[in-house]
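Enquirer: Please work out how this folds:
(one chain, ligands or ions: 2)
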Amino acid sequence: MPKTEASAPGRICMQLTRAHGTASGSKGSHYKGIPLSLALSDTGGNTHMPDVKVKNPWHRPVVIVLVAFIAVGIITMVSISVVQHKPLPQKYKYGIVLDAGSSHTSVFIYQWPAEKENNTGMVQQLHTCNVKGKGISSYSANPNGAGTSLQECMDEAKQKIPAHRHSETPVYLGATAGMRLLKMEDDPASEKVLVSVERSLKTYPFSYQGARILSGQEEGAFGWITVNYLNENLRKPTGTLGALDLGGASTQITFVPQQEIESYDNSIDFRLYGNDYQLYTHSFLCYGKDQVLKLSMGEKLRSTPDKTHHIELKDPCFHPGYNLSKTVQSVFDTPCMQTVNMQNETFTHVGTGNWVQCQESIRKVFNTSHCPYSSCSFNGVFLPSVDGNFGAFSAFYFVMDFLNLTNDSFDKTKQKLMTYCSTPWKKIVENHPRIKEKYLSEYCFAGTYILTLLEDGYKFTPENWNDIKFIKKIGDSDAGWTLGYMLNLTNMIPAEDPDTPLMPHGGYVTFMLLFSLLIVVLLLMAYMYFRRSTRSGQKDIV
Ligand SMILES: O=c1[nH]cnc2c1ncn2[C@@H]1O[C@H](COP(=O)(O)OP(=O)(O)O)[C@@H](O)[C@H]1O
Ligand SMILES: [Ca+2]
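Expert: Ligands and ions are numbered 1, 2, ... in the order given. Below is the predicted model of the structure:
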């Protein structure tokens, strides 16, 4: 575990002890602790009053020195206190998380002020680096390549983080659905890939903390923590934001439901900053957008009646005029579905651009035939009714942002998608010459899948459609599971609300200064008053 000093902001408890003492010196009462009647007692019945000259005690050097000492003492106390609490030049700490996704790996560098790590909203993303090439799960046949692929971005991290912080900077690698699938398919291969990335990360001067495959629940829950941490929802009694994450190989939905969670697997309890949360979360493995495209194409190939001749796969989710030869293997190279025996190794993928038919074909990948709970999303998975606002990030954002659909009503979204899907492929390419054709060709499918998943799968309606906010970043930080993962592993989100100073630093300094000035003024006033009283006392006596 990294060294994380749980440095709760220092809290000064000032105890102001009240001085008990009677203000002496009033006329005819006490003098030097001896009743005046005694001090001036009659000496042997002599009626002659002696000419007693009483010296003002405040004029004694010892008293003056004493008062000066008190004043200097108070000023010293205040000065020390000011220096002690002066904000030091901001010192930052750093953390690195590698998001080893199914399609690619990203390196995130976070930073936070060293003395404020337990406050919400304090950790920020400093830098991201996209690892070149595909995700680490694609290195199953060449595991060493997985470790090597990380080098460029890790070298960049060395430059970004000050050298004197390297050794205390934790590095975590979390792999998601691509590695979950590889583990299902070929466990030893997934282990080799993890060993390779571990070996590579250990060569850096950072504090290596481990490389592992996250469970779907962790992926969902940490995404939820990230968005709510960044929105600073966690220390307020206000509602939280649900989290929707769409990857290439899996998708997650996580939120605080209004109703009881009927299945144990979908429930996660947290205590954060003194508040209890019961989250509903589910991760659908194989329902990331890349895997669903395979499922949907596989389904179309499977339902082709004549598999002996070259197949021309007519696909309504691709633009009219789109025409590309693909291998059968490229569709079935996944543990998400069973291979279909076909005579030919290739087929021609032909676009027809029909949104209604596209949505129909996508609906086929959701099994809604059984539900052992009061309500389900699909495939017999419990889903309470969606409630409150949701942040939809990762591919939810990339796709909807590309299609310019992040701010439209449900009906408008549908309408714009219909038009987009029927646009000829030639025109699409002309309009977006710089976007990779593979990505470009899949936006009609991906947009339609998103709409169908949210409406048919998660039961969003035209009425609450705009409760879904398509987001990439909150402040400077990307929405995603990585930040929540790091906050959790570095214990930066305490279960109980950390103590906060009674007042901000500026207020505290001002208060201390004014308060000490007040004491000095009061002392001076007391001195003047006492001097006057003792003088008039002398007059009376004389
Ligand atoms: O700029 C983009 N446009 C469209 N899709 C993108 C873009 N950048 C990333 N993506 C997609 O986002 C998804 C990210 O998934 P990721 O690699 O995190 O998989 P996982 O979370 O299922 O393991 C992939 O489908 C990837 O193709
Ligand atoms: Ca992801």
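Enquirer: mind listing what the closest residue to ligand 2 within the stretch 1-150 of the chain touches?
Expert: Here the residue of the stretch 1-150 of the chain nearest ligand 2 is residue 101; by Cβ to the ion that distance is 4.1 Å. Yep, even glycine has a C-beta here, placed from its N, CA and C like the rest. Applying Cβ atoms under 8 Å, 6 or more residues apart in numbering, we find residue 101 in contact with 135, 175, 176, 177, 178, 247, 248, 249.
Enquirer: Need those residues in CSV (columns: secondary structure, pLDDT and distance to ligand 1).
Expert: Output for the contacts of residue 101, formatted as CSV (DSSP: H, G, I helix; E, B strand; the rest coil; pLDDT from 0 to 100; distance: Cβ to the nearest ligand atom, whole Å):
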residue, secondary structure, pLDDT, distance to ligand 1
135, coil, 98, 6
175, strand, 99, 8
176, coil, 98, 3
177, helix, 98, 4
178, helix, 98, 5
247, coil, 98, 2
248, coil, 98, 3
249, coil, 98, 4
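Enquirer: Which other helices and strands does the lengthiest helix in the chain contact?
Expert: Taking DSSP state H as the criterion, the chain has its longest helix at helix 505-541. With contacts taken as 3 or more Cβ pairs under 8 Å, 6 or more residues apart in numbering; DSSP states H and E, helix 505-541 sits against helix 61-85.
Enquirer: need the strands for the stretch 101-250 of the chain, in chain order.
Expert: For the stretch 101-250 of the chain, the strands defined by DSSP state E, counting those that start in this stretch occupy 105-113, 124-130, 170-175, 207-213, 242-246, 250-255.
Enquirer: Let me have the contacts of residue 101 in TSV, adding neighbour count and distance to ligand 2 as columns.
Expert: Below are those laid out as TSV (neighbours: other Cβ atoms under 10 Å; distance: Cβ to the ion, whole Å):
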residue	neighbour count	distance to ligand 2
135	26	9
175	27	10
176	30	5
177	31	7
178	30	9
247	27	4
248	21	7
249	28	8
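Enquirer: Would you point out the most distant pair within those?
Expert: 175 and 248 (12.7 Å; Cβ to Cβ).
Enquirer: tally of neighbours for residue 91?
Expert: Around residue 91 there are 10 other residues, counting by other Cβ atoms under 10 Å.
Enquirer: gap between it and residue 282?
Expert: 41 Å (Cβ to Cβ, to the nearest Å).
Enquirer: can you check residue 225 too?
Expert: Separation of residue 225 from residue 282 (Cβ to Cβ) stands at 16 Å.
Enquirer: Residue 176 contacts residue 217, doesn't it?
Expert: No. Here residue 176 does not reach residue 217: they are 12.0 Å apart, not a contact under Cβ atoms under 8 Å.
Enquirer: and the gap between the spatially most central residue of the chain and residue 66?
Expert: The chain has residue 226 as the residue nearest its centroid, 3.0 Å off, counting by Cα atoms, centre = their mean. In this view, residue 226 and residue 66 are 60 Å apart by Cβ to Cβ.
Enquirer: got it, and residue 403?
Expert: 81 Å.
Enquirer: Can you say which helix or strand has residue 443 in it?
Expert: helix 437-452 (DSSP states H and E).
Enquirer: So which of the strands of the stretch 101-250 of the chain is the most surrounded?
Expert: With neighbours taken as mean count of other Cβ atoms under 10 Å, the strands of the stretch 101-250 of the chain reach their highest mean count in strand 242-246, at a mean of 29.
Enquirer: Can you show me the CA trace of it as PDB?
Expert: Extracted in PDB, the C-alpha atoms of strand 242-246 (Å, rounded to 0.1, in the frame of the first residue of the first chain):
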ATOM      1  CA  GLY A 242     -26.200   7.500 -11.700                       C
ATOM      2  CA  ALA A 243     -23.400   6.200 -13.900                       C
ATOM      3  CA  LEU A 244     -23.700   4.600 -17.300                       C
ATOM      4  CA  ASP A 245     -20.400   3.300 -18.900                       C
ATOM      5  CA  LEU A 246     -20.300   1.800 -22.300                       C
END
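Enquirer: what packs against it?
Expert: helix 216-230, strand 250-255, strand 390-394, helix 395-402.
Enquirer: swap the cut-off to 10 Å and go again
Expert: Secondary-structure packing of strand 242-246 (3 or more Cβ pairs under 10 Å, 6 or more residues apart in numbering; DSSP states H and E): helix 216-230, strand 250-255, strand 275-285, strand 390-394, helix 395-402, helix 437-452, strand 468-470, helix 481-489.
Enquirer: now for the shortest one, which elements pack on it?
Expert: Packing contacts for strand 468-470, counted by 3+ Cβ pairs under 10 Å, 6+ apart, involve strand 242-246, strand 390-394, helix 395-402.
Enquirer: Name every sheet partner of the first one and say whether each one runs parallel or antiparallel.
Expert: Sheet pairing for strand 242-246, assigned by DSSP bridges, gives strand 250-255 (antiparallel), strand 390-394 (parallel).
Enquirer: about what we covered before: of the helices and strands packed on strand 468-470, which is nearest ligand 2?
Expert: Of all those, the one in closest proximity to ligand 2, counting by Cβ to the ion, is strand 390-394 (5.3 Å).
Enquirer: so that closest one versus helix 395-402, what angle?
Expert: 80 degrees (axes from the mean of the first three to the mean of the last three Cα atoms, to 10 degrees).
Enquirer: what angle sits between strand 390-394 and helix 437-452?
Expert: On the basis of the same axes, to 10 degrees, strand 390-394 is oriented at 160 degrees to helix 437-452.
Enquirer: and strand 390-394, how far from the chain's centre?
Expert: Once both centres are worked out by Cα atoms, centre = their mean, to the nearest Å, strand 390-394 turns out to sit 13 Å from its chain's centre.
Enquirer: neighbour-wise, which of residue 225 and residue 282 wins?
Expert: Taking neighbours as other Cβ under 10 Å, residue 225 and residue 282 compare with residue 225 leading, 25 against 20.
Enquirer: Distance of that one relative to ligand 2?
Expert: 15 Å (Cβ to the ion, to the nearest Å).
Enquirer: ok, now residue 484?
Expert: Taking Cβ to the ion, one finds residue 484 at 13 Å from ligand 2.
Enquirer: wait, what's in contact with that residue?
Expert: When contacts are counted by Cβ atoms under 10 Å, 6 or more residues apart in numbering, residue 484 is found next to 97, 218-230, 243, 493.
Enquirer: Could you identify the least confident member of those residues?
Expert: Across the contacts of residue 484, the bottom pLDDT score, 94, is held by residue 493.
Enquirer: Tell me, how many residues neighbour that one?
Expert: 19.
Enquirer: so it touches residue 272, yeah?
Expert: Yes. Under the criterion of Cβ atoms under 10 Å, residue 493 makes contact with residue 272 at 5.2 Å.
Enquirer: any common contacting residues for those two?
Expert: 120, 225, 229, 234, 487.
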